[in-house]
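Chemist: Task: produce atomic coordinates for the following.
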Amino acid sequence: QVQLVESGGGLVQAGGSLRLSCAASGRTFNSYNVGWFRQAPGKEREFVGVIRWSGGVTYYADSVKGRFTISRDNAKNAVYLQMVSLKPEDTAVYYCAVYDSGSYYYGSSYNDWGQGTQVTVSS
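Modeler: Numbering: from 1, shown residues only. So this is what the prediction gives:
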């Protein structure tokens with residue numbers, strides 16, 4: 001089992017940027033695909049993006065493509081979500097999770113979730 005801790009959330013104005021971190025402990029992170037999800041109040045959890053363990057290949061939801069970038073530093077056992085040009089609709093709790101099996105786009109394909117970090121974008 002991998003323990004995940006997200007950090008870096010906060011309050012930012014529309015058009016601003018934030019960088020979220022996902023730190024792992026318990027097991028080496030290097031061979032896992034890691035996804036980011038978000039959940040806004042009253043809404044279902046939503047796929048944001050995923051980074052594969054090898055080669056840094058990434059996939060993103062259409063809603064964030066071109067604005068969000070996922071990267072990883074295996075030496076630091078960490079994955080990052082760089083967010084630019086933030087919009088009020090990006091307001092949510094953001095979670096990272098370790099991919100298990102199935103489609104990248106479904107939360108049920110992941111286990112070992114972090115506790116989440118709040119991102120609030122003001123207009």
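
Chemist: Contacts only, for the closest residue to residue 111 other than its chain neighbours.
Modeler: Distance criterion CB to CB, 6 or more residues apart in numbering; nearest residue to residue 111, sequence neighbours excluded, is residue 100 at 4.9 Å. C-betas here are computed from N, CA, C, even on glycine. When contacts are counted by CB atoms under 8 Å, 6 or more residues apart in numbering, residue 100 touches 109, 110, 111.

Chemist: And residue 100, how far from residue 107?
Modeler: According to CB to CB, to the nearest Å, residue 100 and residue 107 sit 11 Å apart.

Chemist: Over to residue 10?
Modeler: In this structure, residue 10 and residue 107 are 24 Å apart, going by CB to CB.

Chemist: neighbour-wise, which of those two wins?
Modeler: Higher neighbour count among residue 10 and residue 107: residue 107, with 16 against 13, using other CB atoms under 10 Å.

Chemist: Just give the nearest non-adjacent residue to that one, would you?
Modeler: Leaving aside its sequence neighbours, residue 107 sits nearest to residue 45 (CB to CB, 6+ apart; 5.1 Å).

Chemist: middle-most residue in the chain, spatially?
Modeler: residue 36 (2.6 Å; CA atoms, centre = their mean).

Chemist: So what sits opposite it in the bridge?
Modeler: Beta-bridge partners of residue 36, counted by DSSP bridges, are residue 49, residue 96.

Chemist: Could you give the number of residues near residue 121?
Modeler: Residue 121 has 20 neighbours, counted by other CB under 10 Å.

Chemist: In its sheet, which strands sit next to the helix or strand of the chain with the lowest mean pLDDT, and in what direction?
Modeler: Here the helix or strand of the chain ranked lowest by mean pLDDT, DSSP states H and E is strand 110-113, holding a mean of 93. Strands that pair with strand 110-113, judged by DSSP bridges, come out as strand 92-99 (antiparallel).

Chemist: Pull out the buried residues from stretch 70-86.
Modeler: Going by neighbour count (16 or more other CB atoms under 10 Å), the buried part of stretch 70-86 is 70, 72, 77, 78, 79, 80, 81, 83, 86.

Chemist: what sits against the fifth one?
Modeler: Read that as residue 79. Residue 79 is in contact with 21, 22, 24, 29, 34, 36, 51, 70, 71, 72, 73, 96, counting by CB under 8 Å, 6+ apart.
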